[in-house]
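> heads up, no residue letters with this:
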């Protein structure tokens, strides 16, 4: 057989390989985009439930339940760096729970800023904002 006789077969095989590679790559991109969107939603839910919990003078069970649900959602879809930053804030809250009315607000703002920076880096791949710039707009007194 000559190359001319093999060329339709080779073209078909190369087309199949190219189509398979393109499909696999697009599938990977779609999964990554879907995960980033799930993370963005989970991160917004966590931050809003944290702010609601930190603003509440009382231990309102519905607020706390929503906050705990948001933490669990983070465990499922959050990046390692976000989960580690949230863990530091949770540990700080647990260690200062006995004197929660006198909790160091500047430390809470710093820890929340670290969480926000990790979330931004995860969802936008990089962030040029410093911890101090993020901390300046953290809505915690």
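Yep, that arrived. Everything numeric here is computed off the predicted structure, so don't read it as measured data. Numbering: from 1, shown residues only.
> show me where this protein has helices.
For the chain, helices defined by DSSP state H occupy the ranges 3-55, 61-77, 80-95, 105-124, 131-135.
> okay, buried residues for stretch 112-124 please.
112-120, 122 (16 or more other CB atoms under 10 Å). Where you see a C-beta, it was placed from the backbone N, CA and C, and this is true even at glycine.
> which outside residues touch it?
For stretch 112-124, contacts defined as CB atoms under 8 Å, 6 or more residues apart in numbering pick out 36, 39-40, 43, 47, 50, 78-79, 81-82, 84-86, 88-89, 127, 129, 131-132, 134-135, 138, 140.
> give me the low-pLDDT residue ranges for the protein?
1, 57-59, 100, 141 (pLDDT under 70).
> go again with 80.
Along the chain, segments meeting pLDDT under 80 span 1-5, 30, 55-60, 97-102, 125-127, 139-141.
> picking up where we left off before, can you tell me which of the helices of the chain is most buried?
Among the helices of the chain, helix 105-124 has the highest mean neighbour count (mean count of other CB atoms under 10 Å), at a mean of 18.
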